[in-house]
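> No sequence on hand, only this structure:
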C-alpha cells in the first residue's frame, strides 16, 4: 500500500506547489469560457471553452464567420453579458463574480465600447459633445472637467467641428469617431469595438481605424476589435480567429528591419493550442490532405508530424 | 451629476407617446376626482328627493303624550316656562344625529275633541253630521295669523254661570264650514267638567302657503272624518288658545291634554351618509323619550301614570330603511362597475407607460450601457415623466374642480399621478436591470417562469375564493354602515384577470392546431398569421387583460341592466294588468262604452275584483282577492305584453285559478268564494297561477259570468296608446282610481336611485369601451415596429400589400376575439355567479330580477361595434406599416 501513500504525497506536493496562474499578468484573460443561450427551448452554445490572453496596450482584432461567437465574447468582455462557465478577467475584474455595483463601476471606468451601429453608440437627440460628456455625467465628473475632456477627445478624434451637431447631421465616419470619443470618455483601460467599420466605405473605415489606433497609442488603451474587414485585421498587432466558439488561429505581425534599414511587416499564422492540448487544424490544410475523422501523429525531436489516416486514404483511393 | 436632462430629451423625442400618456393621465385623473363625489352627491340628492316628496306628516318625528290625571296639580308643565323646560328636555334627549336633520323642535297642547251640544253656534249639526270641538295651544299660531273679525282670545276670562270660560279664536274656514259665529259661547265637556268655550274672533293664516300649516290642518279649517258604518260624518273644529289660555285650561278644567312635540325633518339637511345614524337615532329616541319626565313634578317618571309617557311616531325610520336598501344595492352595483372601470383605466395607464419605455428602449439601453446606474435611470425617467404627468394630472383635477366645485377628491388623482410617474421608471429599471442583455432575450421565446405560473394560479384561486365569499355573504361587510368590502368589489376584476390568464395560456394551443391545418393549404397568409398569433405569447398580456376586463364590465352591465329593465317592465305590467286599470266601487254596463270612446283606447275588458273576499272550505276559510274576469278575453287583451296569463281552466262547474299553494291550504271539499257585496259561488280548483296582475297575496280567479248578471264590474282593464288618466277618469265619472302602465313604469324607472344605477351601467360601459379601444390601439402601436419589420421582410420575399393587411387581421384577430368573447361570457355569467349579492328588488317594486340574459340586440350591436373597431384599428395599423419604406424597414431591421 506504500505506492498509494507515495501517490498522495506527490499529489499534495503538487497541490501546494505554487504554479504560475494562467494569464496572471494578462490584461484580458479568458479561460475555458462557455456561454449557452436558450432559444425556444433549443440550446445554442455560443462559446465552447474559449481561451484568450491579451496583454496591456495591445491592439488585437478578432475575426471569424457569422455565429462563431465573436460578439458574444465581446459582450462578455464588456460586462454586458455573463458567461455560463469558465473564467474571464478583464483589467483585474473577475467578470463572473462581480456584484452589480462592481459591474457598474467596471462599465463606467474600466471599459469603453463602440458598436457597429451609430444608433447604439450615440443618443440621437444629443449633440456630439453632449454624447461624449454623458458617461462622465453618469460617473459624476465635474462640469469643467467634462467640458475640457470632451473638447480634448473630440479634437484627438478629429471631430471637433461636430461638437454641436446631432448624430443625424454627421457622416458615418464622424459618428463612429465620436463614438470612440464616447467610449474613452472616462479614461478606460480597455476599448472594445464590435465591427466599428462595418457600415463604412473603405476610406472612412481607414479614418475610423486610425482614430482607434490613436486612442490605443495616445491614451494607452488596450483595444479589442471584432471585425470582418481584412484591412483592419491586417493592421493590428495580432489577429485572433474564432471558429465554433473557440480560438482557432492567431496571426502575429512583427515589424522587421532588413540590412538596408527597410521596415517590413512579417505576418506569421499560428494555430492555437489550448490548455487542454487541443489544436484546430486550418480547414484548407485538412481538405487538401483529405484528413477526416482521425489523423496519425508522430512525435519527432523538434516537431509533431500529422499524417492522414492510411485506411482512409486507401478507402478514398 | 444631473443625468435628468438626458432623459427629458429622450422623453421629448417621443412627444406623441408622451402626449398620449398625458391624455390618459388627464382623463383618468378627472374620472377618479369627479366620480366618487359625483356619486355621493347623487346619493345625497336621492335621499333629499325621497324626503322632499314624502309629505311632512309621513316623515316628521312626533312625540306625543297624554296627561290624564292631574295628581300633580302644581307640576311645572302647567306654566309656559314649564312647558318650555319640558320642550328643552325632549330636545336634549333627541340624539344629535336627528337634531342635525330637523328644524327646531315645535310643540302644541290640545284637548280631546268633544261633541258640541245643541247650544249656540251648533246650527249645522244634524243627525248625519256630528260637530266636535277641541282646543289647542300652539305657540307658533299667534305670530302667523291675522284676525279677520272679532279679537284674539284673552284668557283667563271671568266665569259665566258658574262655569269656567275659555276663550278661543277659530279659523275663518272652520267658522264658515261649521257655522260657528264670532261671539258664540259653546258649552263643552272638558274632561268630566262642563265649561264654556267662547269664540272671540276669526282668523286667517297670514301666509297660506307657509309650510307650518301643512302639519296643522285643524288650525286652518275643520277636520272632516268621513262617515263609517258606525259613525256619521264628523266635523272637528280646533279652537286656538292664547298663552294664558293653556294654563287656564290646565288649572280650571280637568280636560285630558295631549302634548305633542314635533321635530320637522329638513330634507335639505339630509345626506346619504346620515341615513343610517338618523334611523338609529329615531329608534333611540323612542326608547329614551319613553323614560323622560317631561311633566317636571318631583318623583314622577315616564312610567308613572300620573306623569306622561311619550310615544314616538314617525315614518322616518321606515323611509330611511327603504332608502338604505336602495342605497346598498346602488352602491354594490356602482362598486362593481367602478372597480372594473378603474382596473381598466389603470391597465390602460400602465399600457401607455409600457409603450413609452418600449419606445425608449434603445436610448435607455445605451445610457445604461454607458454607465447609468439603476438609481440614475429611475430618477431620470421618473423626473422626465413627472414633467408630463404633473400638468396632466393637475389639468384633470382642475376640470373636475370646475365641474364639481368643492367636492372633487384629490387622493385618487395622487394615485393616478404616482402610477404615471413611478411605473415608467420601474419598467425602465426592470427592463434594463442588466445592461446589454436585451437583444438575446428578445430572440429567445419567453417561457413562463415558475413565479409567473404561481402568480397566475394565485389569481385564479383568489378569484374563485372571492366568488364563493361574494355568494355566501354578499358585497357588504357585516358591520353595518361600513359599506362594500373593497376586496369583494374587486372580484369581477380578479375573475376577469384569472380568465384572461387562462385564455392567454390556453388560446395558443387550438391556434397551433389550426396552424397545422393551414400549413397544408396553398395560401400563406393564414399560416403565417396564425403562427405569429400563437407565438405572441405574453407580449400582448396587458392589452388583452384590459380588453377582457372591459368586456366583463360591459357584459355585466348589459345583462344586469337588461334584467332590471325587464323586471321593471314586468313589475309595471303586473301592477296594472293592462295599459290602464280603472277601479271603482261598481260600474254600470254603459261604462265600458264610455271608456272605449276615450282617445287612444283600443280595447276594454271588465272584471270584478274584490279584495278581502272569503274562500271557504268545510275545514277552514281564508281571505283572498277574488278576481272575476273572462280569462280567455284577458289573455287576448294582453297577448302582446310580457304578462303570462294561463289558459282558462276547463271542465264543469266554476273552475278557479288559484295562487300557489292556496288549494293545499284551504283543504278538500266544496269551495265557496264571495264577500259581503258579491254573491257566493261554489268553485272548484282548476289550476294554479304564479301571479295575477293587480293582486297581492292570495287570489282566486273565476269567470266573470259565474257571478251571474247582478255582479257589476269594479275594474276595467284598458289597452290603448298614450292613455290619459285624467281623460279616463272624466269619462267614467265619480270616485274612481285610474292607474296607468306608463305612470307606474315611470315611477319605477325615474326613482333617483334607479336612474343612478342605470346611468352607472350606461356611462360605465361607455368609459370602459373607450379605454378598451385605447388599449387595443396602444397594443397595435407597441407591436407596429416588429410587425412592420416582418411585413417588410415578407414583402421582400414577394408578399403583396393586400396579403400583409390580411396578415395583420389573422395575427391580431384571434387574440382580440378570444379576449372579447371570454370577457363577454364572464360578464354575462357574473350576475349568476354573484347573484345573491345584487338585490335589485328596491328598484322593481319588489319583483325579483331573474333570468339574467344578454340582450340579443345589444350583443349584436356590440359585436358589430367590435368588428368595426377592429377593422378600423387594423386598417390604421396597415396604413402605418405600409407607409414605411421597405428599404428603411429592412435597414432598421439590420440595425437591430
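Yep, it's here. Not measured: the values here are computed from a predicted model.

> Reduced to three states, what does the closest residue to residue B:578 other than its chain neighbours come out as?
Using C-beta to C-beta, 6 or more residues apart in numbering or on different chains and skipping the chain neighbours, the partner closest in space to residue B:578 is residue B:717 (3.8 Å). Using the backbone N, CA and C atoms, a C-beta is placed for each residue, glycine as well. Classification of residue B:717 using DSSP: H, G, I helix; E, B strand; the rest coil returns strand.

> In this structure residue B:717 contacts residue B:634, no?
Yes. Counting by C-beta atoms under 8 Å, residue B:634 is a contact partner of residue B:717 at 6.8 Å.

> which residues are common contacts for these two?
B:605, B:607 (C-beta atoms under 8 Å, 6 or more residues apart in numbering or on different chains).

> Let me see the contact set for the closest residue to residue B:243 other than its chain neighbours.
In space, residue B:243 comes closest to residue B:80 once its chain neighbours are excluded; the distance is 5.6 Å by C-beta to C-beta, 6+ apart. Residue B:80 sits next to B:243, B:246-247 when contact means C-beta under 8 Å, 6+ apart.

> show me where pLDDT drops low in the stretch 1-150 of chain B?
The stretch 1-150 of chain B contains residues with pLDDT under 70 at B:1-4, B:68-74, B:117-127.

> 50 instead?
Residue ranges of the stretch 1-150 of chain B with pLDDT under 50: B:1, B:120-121.

> Also the stretch 301-450 of chain B?
B:438-445.

> one more time with 90
B:301-388, B:400-413, B:415-416, B:419-425, B:427-450 (pLDDT under 90).

> Residue B:764 and residue B:38: what is the separation?
In this view, residue B:764 and residue B:38 are 13 Å apart by C-beta to C-beta, to the nearest Å.

> Tell me if the helix or strand encompassing residue B:385 is near chain A.
Here residue B:385 sits within helix B:374-403, counting by DSSP states H and E. Yes. With C-beta under 8 Å from any C-beta of the partner chain as the measure, helix B:374-403 is seen reaching chain A through B:374, B:376.

> mind listing what's buried in that helix?
B:374, B:376-389, B:392-393, B:395-401 (16 or more other C-beta atoms under 10 Å in any protein chain shown).

> Pull out the buried members of the contacts of residue B:80.
The neighbour count (16+ other C-beta under 10 Å) marks B:246-247 as buried among those.

> now, which of the contacts of residue B:80 lie within helices?
B:243, B:246-247 (DSSP state H).

> Now tabulate these in a markdown table and tack on distance to residue A:173 and pLDDT.
Output for those, formatted as a markdown table (distance: C-beta to C-beta, whole Å; pLDDT from 0 to 100):
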| residue | distance to residue A:173 | pLDDT |
| --- | --- | --- |
| B:243 | 110 | 85 |
| B:246 | 111 | 87 |
| B:247 | 115 | 86 |
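
> want to throw those residues into JSON lines with distance to residue A:133?
Listed next are the ones in helices among the contacts of residue B:80 as JSON lines, based on distance: C-beta to C-beta, whole Å:
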{"residue": "B:243", "distance to residue A:133": "94"}
{"residue": "B:246", "distance to residue A:133": "96"}
{"residue": "B:247", "distance to residue A:133": "99"}
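
> low pLDDT regions in the stretch 151-300 of chain A?
A:156-159, A:163, A:166-173, A:176, A:186-187, A:194-220, A:226-300.

> And the residue nearest to the spatial centre of chain A, how far from residue A:96?
Residue closest to the mean C-alpha point of chain A, counted by C-alpha atoms, centre = their mean, is residue A:224 at 4.1 Å. Distance of residue A:224 to residue A:96, computed by C-beta to C-beta: 19 Å.

> before we move on, back to that, give the helix, strand or coil label for the residue nearest to the centre of chain A.
Assigned by three-state DSSP, the conformation of residue A:224 is strand.

> quick one: it from chain B, how far?
Noted for residue A:224: a distance of 16 Å to chain B, by C-beta to the nearest C-beta, to the nearest Å.

> close enough to count as contact, that residue and residue A:71?
No. Using C-beta under 8 Å as the test, residue A:224 is too far from residue A:71 to be in contact (11.9 Å).
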